[in-house]
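1. compute the structure for the input listed below.
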Amino acid sequence: QVQLVESGGGLVQAGGSLRLSCAASVRIFGINDMTWYRQAAGKQRELVASITSGGSTNYVDSVKGRVTISRDNAKNTLYLQMNSLKPEDTAVYSCNFKTRWMSEYWGQGTQVTVSS
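-> Residues are numbered from 1 along each chain as shown. Presented below is the predicted three-dimensional model:
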C-alpha cells in the first residue's frame, strides 16, 4: 500500500523558515503533478504550490517569493521550502501525487504553526 509521509512541520516564529518533505513509502511510477495543499482551521483547503514532471511550478499568490517547491524524482520525494513565514501560513500542509494513469495519493498532513 502506497503511503505519502510528510515531515518538517512544527512551530516557528514569524519570519522564520521551515522545509517540508513528502516521501512515498514505495516506488511510484509515472508521477506527473506533485502538489502541496494546506488547510487552516475553519477554512477550505487551498493549493499552495505544484510542480509538474517537467519542473514547471505554480504558486498561490500569497506565498509567491517566499516559498519554493521542488522534487526529487529518483527518490519520489517532494519538498517545500518556506521562508519569511507569517502567522497566516499556519495550517495543516498535505502533499498530493498524481500519476499519468490517474492514480492519486495523499499524505496525512503535517502541522505548521507560525507565532507572531
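
2. show me the contacts for residue 99.
-> Residue 99 sits next to 28, 29, 30, 31, 32 when contact means C-beta atoms under 8 Å, 6 or more residues apart in numbering. Glycine gets a C-beta too; all of them are placed from N, C-alpha and C.

3. which strand residues bridge the fourth one?
-> When bridges are called by DSSP bridges, residue 31 pairs up with residue 99.

4. so who does it touch?
-> So residue 31 contacts 53, 73, 76, 97, 98, 99, 100 (C-beta under 8 Å, 6+ apart).

5. before we move on, what about the last one?
-> Listed by C-beta under 8 Å, 6+ apart, the contact partners of residue 32 are 52, 53, 98, 99, 100.

6. try 6 Å
-> Residue 32 makes contact with 53, 98, 100 under the criterion C-beta atoms under 6 Å, 6 or more residues apart in numbering.

7. now those residues as a markdown table including distance to residue 115, neighbour count and pLDDT?
-> Below are the contacts of residue 32 laid out as a markdown table (distance: C-beta to C-beta, whole Å; neighbours: other C-beta atoms under 10 Å; pLDDT from 0 to 100):
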| residue | distance to residue 115 | neighbour count | pLDDT |
| --- | --- | --- | --- |
| 53 | 37 | 15 | 94 |
| 98 | 34 | 18 | 96 |
| 100 | 41 | 11 | 94 |
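
8. quick check: of those residues, which lies closest to residue 111?
-> Nearest to residue 111 among those: residue 98, at 23.8 Å, using C-beta to C-beta.
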